[in-house]
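> here is my input, please return the structure:
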Amino acid sequence: MPAPTPPHIPHTRRTLHTPRTPHELSASPTLWALIAARAALTPDAPALLDTDDRRLTFGGLAIRAERVAAGLYDLGARPGTRFAWQLPTRIESVVLSAALARLGAVQTPVIPIYRDREVGHILGHTRPDFFAIPGPGTWRGFDFVSMAHRIALTLPEPPLVLTAYDGLPDGDPAVLPAPPADDTGTAVRWIYWTSGTTSAPKGVLHTDRSLIAGGACLGHALDMRPDDVGSIGFPYAHIGGPDYLVMLLLYGFPALLVEHFALPDALPAYRRHGVTMAGGSTAFYSLFLAEQRKQPGKPLIPTLRLLSGGGAPKPPALYHEVARELGCQLTHGYGMTEAPMITMGSPRDPADRLATTEGRPPAGMRLRFASDGEVLLHGEAVCHGYTDPALTAEAFDSDGFFRTGDLGRLTEDGYLVLTGRLKDVIIRKGENISAKEIEELLYAHPSVADAAVIGLPDPARGERVCAVIEQPPGSEPLALADLTAYLRQAGLATHKLPEQLEVVDALPRGGTLRKVLKYQLRERFARS
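Coordinates of the predicted model:
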């Protein structure tokens, strides 16, 4: 194998020297420029750790990414190549994504919990040239290789399927052209997918600059330092993945990658690596708290100073429980696939604001409120729309502000309070679940006359999925196990399956359009 070559460090009109501070680094025009700048600044500092005690430095990340980029180049990948990947939270996943950033490819990350239904929709719309999945064999009991080939048969131009779990293409970086000196990072190079409010996932268009802006704001709010150790226990293919990577690159600290987050199994690795910041979403806070309660008074993770996350509502009581029992700070934020960083709490904030708000918007993020209270956004971290132009037209107002579908208000001192959602979406463990998608599948069941799917408050998950159904006269009573088996057979992803079933004589309806009054169902069954 040829000796590793140092990473290219692009010099553009905006980068006349190697940046040295997080603020200077955040001006990097592209993600690859940021990776290269950090590699030049602290090449031997650890960047990525895992539960098997493997580690990769920032310099090693840049070198390995270039070699993988060269291997992909040998396979035909070029700037603009469409590349989908559905991989777990592993060092290899980060390296592959960095390699694609080096090439200037258009990436479509797909979270591993998606199955034929969702993945088929995504690949059908993005028509990737390559699709990387875990393999060979199964990962966590599922055969991704077989699924990839099943879906490929349905596509006019099947992608080249690559297995990229522990082996990545390797090549000589000398074959790679230098990154364009005039690359401003404003071209769409990322397509993330969110269920949103429709029955099928929506493709969200991001640029390197929008992702860098989100990660920069996150790191600034959290007061991160080079001696911190973060953790990524959520899917790296989630929009939070690049958000977190950017933060590591800007502030020069490592993160522990947890391929399958489960407690107490992951705790030894958190302790061994001295994790100082953990979290991901409300569900993660509750899981850590539950483990702490097994041994009150003994620090769960002695080095932990901060739990942080977003993606789902946070009950104010949970903040006080974490601070009191885990002995660390809890900072919660507000973001979405379309804008990964909207507001964020900071360890500098007063306790009452951390408990009852979503934090403050960073510099550069403008919030506006429509007449009905809907939160509207404008800023560099906001996406450039959707793969469907019609959805893009609906998502932005005449001034270019993005419509979030969430309701809220600002306090006098500038903190955001969310008060509800216009969108009919359930947020379970930080993942958006479309109620309409599940309802449409339920309607086809012979023992279901009508159905409404709602999210109910859940201390462990943020929200749990509850199916409320009417049954045809004379039909056999339908059990939850029967319902979930039917939905699995229909191809619904496991994380979307209802966890509660309620059978009613008639769904409550109102108005001339006879829309189901879901708020009444939520009020009724949240108490059950």
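
> on the three-state scheme, Val417 is what?
strand (DSSP: H, G, I helix; E, B strand; the rest coil).

> who's in contact with it?
Remark: with contacts taken as CB atoms under 8 Å, 6 or more residues apart in numbering, Val417 is in contact with 356-358, 408-411. For every residue, glycine as well, the C-beta is placed using N, CA and C.

> quick check: beta-bridge partners of it?
Arg409 (DSSP bridges).

> could you shift the numbering so residue one becomes 59, and keep it that way?
Done: numbering now begins at 59, and the last item shifts to Val475.

> distance check, it against Arg467.
Here the criterion is CB to CB, to the nearest Å. By it, Val475 lies 5 Å from Arg467.

> so what are the domain limits for this structure?
Following automatic domain parsing, one gets these domains for the chain: 87-102+112-267, 270-479, 483-583.

> buried residues, stretch 381-401. List them.
381, 384, 386-401 (16 or more other CB atoms under 10 Å).

> correction: the previous question concerned stretch 224-231.
Those would be 226-227, 229, 231, for stretch 224-231 by 16+ other CB under 10 Å.

> ends of that stretch, how far apart?
One end of stretch 224-231 to the other measures 20 Å (CA to CA, to the nearest Å).

> doesn't Pro398 belong to a strand?
Yes. Counting by three-state DSSP, Pro398 falls inside a strand.

> I figured it hits Leu303, correct?
No. Using CB atoms under 8 Å, Pro398 is not in contact with Leu303, being 11.5 Å away.

> any shared contact partners between the two?
Shared contacts of Pro398 and Leu303, counting by CB under 8 Å, 6+ apart, come down to Gly273.

> what residues are up against Pro146?
Contacts of Pro146 by CB under 8 Å, 6+ apart are 170, 192, 197-198, 223, 293-294, 317-318.

> run a quick neighbour tally on Glu438.
As a burial measure, Glu438 scores 17 neighbours (other CB atoms under 10 Å).

> for it, grab phi and psi.
phi -70, psi -30 (degrees, to the nearest 10).

> ok, now Gly261?
phi -90, psi 120.

> and it, what is it in contact with?
Neighbouring residues of Gly261 by CB under 8 Å, 6+ apart: 166, 180, 183-184, 249-251, 444-446.

> and which of those is nearest to Gly272?
Of all the contacts of Gly261, Tyr250 has the smallest distance to Gly272: 11.5 Å, by CB to CB.

> let me have the domains of the chain in TSV, adding mean pLDDT and distance to His81 as columns.
Shown next, in TSV, are the domains of the chain (pLDDT from 0 to 100; distance: least, CB to CB, whole Å):
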stretch	mean pLDDT	distance to His81
domain 87-102+112-267	95	13
domain 270-479	94	8
domain 483-583	90	29
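
> could I get the ones you listed as a markdown table with distance to Arg78?
Formatted as a markdown table, the domains of the chain follow (distance: least, CB to CB, whole Å):
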| stretch | distance to Arg78 |
| --- | --- |
| domain 87-102+112-267 | 6 |
| domain 270-479 | 10 |
| domain 483-583 | 34 |
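
> can you check which of those gets nearest to Thr76?
Nearest of the domains of the chain to Thr76, taken as CB to CB: domain 87-102+112-267 at 5.0 Å.

> distance between the ends of that closest one?
The first and last residues of domain 87-102+112-267 sit 6 Å apart, counting by CA to CA.

> is the residue of the chain positioned farthest from its centre in a helix, a strand, or coil?
Within the chain, Gly532 marks the point farthest from the mean C-alpha position, 44.3 Å out by CA atoms, centre = their mean. Put simply, Gly532 is coil when judged by three-state DSSP.

> quick check: it vs Pro504, distance?
12 Å.

> now do Thr244
52 Å.

> neighbour count for these two, which is higher?
Between Thr244 and Pro504, counted using other CB under 10 Å, Thr244 has the larger neighbour count: 14 against 11.

> sec struct for that one, please.
Going by three-state DSSP: Thr244 is coil.

> among the contacts of Pro146, which are in helices?
Using DSSP state H, no member of the contacts of Pro146 falls within helices.

> can you tell me which of those residues are buried?
Buried subset of the contacts of Pro146 (neighbour count, 16+ other CB under 10 Å): 170, 192, 197, 223, 293-294, 317.

> among these, which one sits closest to Gln547?
For the buried ones among the contacts of Pro146, the nearest to Gln547 is Pro170 (20.5 Å; CB to CB).

> my read: the closest one touches Ala295, true?
Yes. The criterion here is CB under 8 Å, and Pro170 meets it with Ala295 at 6.8 Å.

> between the two, what contacts are shared?
Common neighbours of Pro170 and Ala295, using CB under 8 Å, 6+ apart, are 144-145.
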